[in-house]
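Colleague: can you look at this prediction? I've put the sequence above it.
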Amino acid sequence: MDIQLDAKDLQRACTIVNQVKPKTSQLPLLQQLKITTEKDTAIFRYTNLEQVIFLRTKAKVNNDGDCLIPIKRTMQFAKYEKGKVNITTDKNRTILSSKISDKSDKNGIEIKLHIDKIDEQPQPSIEGIEFDLPTDFQRRITYALKCVATEESRPILTGVLFDFDGKELNMISCDGFWLVNIKTLINSLTQPFRIIIPGNALKLVSNFMNGKIRMGYNKERVWFKSNDLTIISQLIQGNYPVWQQLIPSNEPSWTINLSAPLLYQRLNQLNNDGMGIVRIYPKDNMLLLTNTVEDAKDIEEIEIFIPATMKGEGKIAFNKRYLIEASKIFSTMDIGITNPNQPLKVTGDLDGVAFVIMPMFVQW
């Protein structure tokens, strides 16, 4: 094989693959990136045994073929290149090289890598139901990813539930402390489905796909296709919590409408020490935020008043981190509170986006 391509395309391939490459496993299969050719295209393929990445990029193909390249070493090589790079094979060697100028053979770099053969995994089947996703899908999936669990103690919560009723898609994530429900209309499909997609696969879709996205699924896998990138992932098997029961349905006794950027600013000005517990309640027709931080030397008490339009009255305490994350995405937001022992519900000026945050139990 003998190909030439832009260094930025090689960098992109390595960056995407590095997001799914296991950090600890030393299995040769998981450390190598495969490259094949097709006319004027280089195709990068990687699998971590649960997900498969295909990236197509333009290349000058002098000789067809395929090769393996080590991900870590290739990233180090490509990171500092800005022009064209060459990838060639010679028996059991893969050679990465580049030149400052084509006029000389002595002003560049050449790295000769000895690559052992590995047993390749078969191509996973992606036969199933496919449909086009809305143009704002990538933006909205970033909201759904906010509440995905990062700990593996409950694997099912490390994914996002896609619950489609034939018209409206509910994307649900929760980690036991807060939940988000993102509603999105799907006009290109009428058949209901309910699947759980790993959060790390959806992060790839959100961060690296460009243009129109097509989604497909079957009983075992889900896949996403864009112009140059295909992402295939195993589904998470199991029963997701009944999310409808976790969203407050009773009429709130206290509602708050306020500026989300102002709330975001004020919450970030609170002390980051301690448990991060914030209490809110109405006072003098304003919303009052308070928190207390104690250490060995001092006690710091903060009171912040925020203009807000309120109906009814109440009080509640919560972990500020969750409301900070929710307030990032809105311009104006509404907070509904039933009582101090029930979750608070946060909506705003983005249709179909709702957060549910569990309360903290404190002494009032």
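Modeller: On my side now, so go ahead. Bear in mind the structure is a predicted one, so any value in this text is a computation, not a measurement.
Colleague: any weak-confidence spans in this structure?
Modeller: Along the chain, segments meeting pLDDT under 70 span 100-107, 116, 118-119, 121, 272-274, 293-299.
Colleague: walk me through the domains of it.
Modeller: Per automatic domain parsing, the structural domains of the chain span 2-114, 129-177+187-245, 248-357.
Colleague: which residue is nearest the centroid of this structure?
Modeller: residue 203 (2.7 Å; C-alpha atoms, centre = their mean).
Colleague: list the buried ones in stretch 130-143?
Modeller: By neighbour count on 16 or more other C-beta atoms under 10 Å, the buried set for stretch 130-143 is 131, 133, 137-138, 140-143. Placement of C-beta: from N, CA and C, glycine included.
Colleague: which residues does it contact?
Modeller: Identification of contacts with stretch 130-143 by C-beta atoms under 8 Å, 6 or more residues apart in numbering yields 160, 171, 180, 182, 184-189, 202, 205-206, 209, 212-216, 329, 350, 352-353.
Colleague: in strands, which of those appear?
Modeller: Under the assignment DSSP state E, the contacts of stretch 130-143 contribute 160, 171, 180, 182, 184-185, 214-216, 353 to strands.
Colleague: pick the one among the buried residues of stretch 130-143 closest to residue 91.
Modeller: Distances from residue 91 to these, taken as C-beta to C-beta, are shortest for residue 138 (43.1 Å).
Colleague: tell me which stretches of the stretch 151-300 of the chain form helices.
Modeller: Using DSSP state H, counting those that start in this stretch, the helices of the stretch 151-300 of the chain run over 199-208, 260-268.
Colleague: count of residues packed around residue 265?
Modeller: Using other C-beta atoms under 10 Å, residue 265 has 14 neighbouring residues.
Colleague: the one 4 residues further on now?
Modeller: Taking other C-beta under 10 Å as the neighbour definition, residue 269 ends up with a count of 11.
Colleague: from residue 150, how far off is it?
Modeller: Distance, residue 269 to residue 150, by C-beta to C-beta, to the nearest Å: 26 Å.
Colleague: can you get me the start-to-end distance on stretch 69-85?
Modeller: One end of stretch 69-85 sits 14 Å from the other (C-alpha to C-alpha, to the nearest Å).
Colleague: ok, and what's touching that stretch?
Modeller: Residues contacting stretch 69-85 (C-beta under 8 Å, 6+ apart): 4-8, 10-11, 14-15, 17-18, 21, 31-33, 35, 46, 87, 94, 96-98, 109, 111, 113, 115.
Colleague: list the contacts for residue 11?
Modeller: 75, 78-79, 81.
Colleague: pretty sure it belongs to a helix, no?
Modeller: Yes: counting by DSSP: H, G, I helix; E, B strand; the rest coil, residue 11 falls inside a helix.
Colleague: stretch 357-364: end-to-end distance?
Modeller: End-to-end for stretch 357-364, by C-alpha to C-alpha: 19 Å.
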